[in-house]
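Asks: how does the following fold in three dimensions:
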Amino acid sequence: MLPKDGATGSRGIRDLLRGYSIELNPSDAKSVEMAAERLEPGAEVSLNWIPGTNPMAVIAPAARLKRAGHIPMPHVGARHLESAVQLEQLAGQLHDAGVDRIVIVGGDRHQPAGPYDSSLAVMQTGLFQNAGISRMAIGGFPEGNPHIPETVLNEALEAKVSFAQQEGLQLSIITQFCFTSEPVIEWVRGVRARGIDIPIRVGLAGPAGLLTLMRYAVRCGIGNSLRVLSENPAFAKALVERGPEPIIRGLASSVADGSGPPLGIAGLHFYIFGGLRRTMDWIDTERSLKTFSAHT
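Replies: Down below sits the predicted model:
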């Protein structure tokens, strides 16, 4: 394993921070504008879909980010879609805005609003493929989903990967956030051991206060990580003061360790619970520090 500090660990963290993606609320106009101006060209920006909002509201923010040289990835919540007509309209308008990739999620609601009960069902319509959108990211759940059994999650992942291979889709995974690296590493190794080799981006919570992190943990059902925060005050304090650096260090250590199946982590994906500016300032500082320490 890597030492806690030193050039090797810093280099691993710096590599993971290269080419990160970030998630925004498209209705937050200030954050969209900040992302357009501050992100490096070619950055991937996922735009979430808040239940109860108009899915077409994502079009203008996506177009703005595209004009700025970034790669917008609007979320499509299968269970939020009201009809096949709405889905077709959404696909067409995204195409017109220059969008070439999306994030497809099931959508956290008990009953579907329309005919689609899963992300696979949306993929199988072919409407996005017809609109020239063949790059799709799906969700991954290192700590499981409180509403879906693990066996069902595994079967669904394999079905989506199989469908993507058959249809020539470029599929990737963005994981739910965790507050420790261990469940992420175990989950990724399990995915690789089952022969699934598509790119995986590891989701992390950007810097935020402890109460904010715990609130989102409860909302997203990441029970194991929540227990770490509540039962280990020292770790919780470090996570708040140092941001997700301890988690990234754990990931970097496992990548360098070389034991078990290769992780093949494509990068990191930041959920900006503490705000976009705070997350981007933290990333910029971390990358400059790691670059400096790697050359000293």
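Asks: need the contact partners of the helix or strand that contains Ser288.
Replies: For Ser288, the enclosing helix or strand under DSSP states H and E is helix 276-294. Applying C-beta atoms under 8 Å, 6 or more residues apart in numbering, the contact partners of helix 276-294 are 6-7, 10-11, 13-14, 17-18, 20, 22, 24, 28, 31, 34-35, 38-39, 206-208, 243, 245, 270, 272. (C-beta placed from N, C-alpha, C; glycine too.)
Asks: of those, which belong to strands?
Replies: 22, 24, 270 (DSSP state E).
Asks: what would these look like in TSV with distance to Leu289 and neighbour count?
Replies: Compiled in TSV, these are given as follows (distance: C-beta to C-beta, whole Å; neighbours: other C-beta atoms under 10 Å):
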residue	distance to Leu289	neighbour count
Ile22	20	22
Leu24	25	20
Phe270	17	25
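Asks: need these in a markdown table (columns: distance to Phe235 and pLDDT).
Replies: Below are the ones in strands among the contacts of helix 276-294 laid out as a markdown table (distance: C-beta to C-beta, whole Å; pLDDT from 0 to 100):
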| residue | distance to Phe235 | pLDDT |
| --- | --- | --- |
| Ile22 | 24 | 97 |
| Leu24 | 28 | 96 |
| Phe270 | 20 | 97 |
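Asks: avg pLDDT for stretch 121-137?
Replies: Stretch 121-137 shows a mean pLDDT of 97.
Asks: contacts for stretch 30-41, please.
Replies: 22, 24-26, 43, 45, 61, 64-65, 67-70, 272, 275-277, 280.
Asks: make a PyMOL selection of the buried ones in those residues.
Replies: Selection of buried members from those for PyMOL, criterion 16 or more other C-beta atoms under 10 Å:
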select buried, resi 22+24+25+26+43+45+61+64+65+68+70+272+275+276+280
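Asks: right, and Ala63 touches Ala97 too?
Replies: Yes - with contact defined as C-beta atoms under 8 Å, Ala63 reaches Ala97; the gap is 4.1 Å.
Asks: look up how far Thr180 lies from Asn48.
Replies: 24 Å (C-beta to C-beta, to the nearest Å).
Asks: in the protein, which spans are strands?
Replies: Under the criterion DSSP E, strands of the chain are mapped to 21-24, 44-47, 71-77, 101-105, 135-140, 170-175, 200-205, 265-271.
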